[in-house]
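Student: What follows is a protein structure lacking sequence information:
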């Protein structure tokens, strides 16, 4: 029974990692579609959201079956519970990537009011945080989870830079308000993805220690 449970938990981690990779790709493609003003690429992101939703249900069912049939205890039970929490955060990240792709479509054919520099940086950081969080979960590495959470300060600083610049542009020229507002939303969604990534780290720490703390301060 123990060997079967260990195999099931290993498969669960693989499925969570696969979902995380898909979400990371969505984030990358969504922001790339905005930078390139490519509505077709944006549509690919939007279409993929349904795939994420289906995978979420599949993993949730696997977790529930594990709890019902294998009756994991202590740390094993926390691993299953952490898997359930992580995929919920991943699904919300996918929703934000879809939101960004929809902005691309709204701005299609409209010249950008400024070159996008910090927004792509935010996307890259978000992907790095997601990958690091998932690696920490799979490897059961508390130190790596804490190091990833600490990077949220970088995300907050980038968001503030984008926010300040766009607000200043709107104050100078009311004609840019519509597009600048959309770009502010994009930056806000990326910042939220960073918050969800810190949630992944916090749940991994809970899995390993049994203690749940809010480290996103």
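Tutor: Nice, I can see it. This one's a predicted model, so the numbers in the text were calculated from it and none came from an experiment.

Student: okay, CA-based contacts and neighbour counts for the rest of this
Tutor: Fine.

Student: so where do the helices sit in this protein?
Tutor: For the chain, the helices defined by DSSP state H cover 2-36, 39-69, 74-106, 118-139, 142-150, 152-172, 177-209.

Student: what's the angle between the third one and helix 177-209?
Tutor: Put plainly, it is helix 74-106. Angle, helix 74-106 to helix 177-209, by axes from the mean of the first three to the mean of the last three CA atoms, to 10 degrees: 170 degrees.

Student: Quickly note the distance from the residue nearest to residue 197 when sequence neighbours are not counted to residue 146.
Tutor: Leaving out its chain neighbours, the residue that sits closest to residue 197 by CA to CA, 6 or more residues apart in numbering is residue 130, at 5.4 Å. The gap separating residue 130 from residue 146 is 13 Å, by CA to CA, to the nearest Å.

Student: Compare the two and say which is more crowded by neighbours.
Tutor: The neighbour comparison of residue 130 against residue 146 (other CA atoms under 10 Å) goes to residue 130, with 27 against 18.

Student: pLDDT wise, what is that one at?
Tutor: We have a pLDDT of 97 for residue 130.

Student: I figured it was touching residue 18, is that so?
Tutor: No - using CA atoms under 8 Å, residue 130 makes no contact with residue 18, being 11.9 Å away.

Student: Okay, now the unreliable bits of this structure?
Tutor: Counting by pLDDT under 70, the chain shows low-confidence ranges at 1-2, 215-217.

Student: Now do the contacts for the residue nearest the centre of the chain.
Tutor: Taking CA atoms, centre = their mean, the centroid of the chain lies closest to residue 93, which sits 3.8 Å from it. By CA atoms under 8 Å, 6 or more residues apart in numbering, the contact set of residue 93 is 23, 192, 193, 196.
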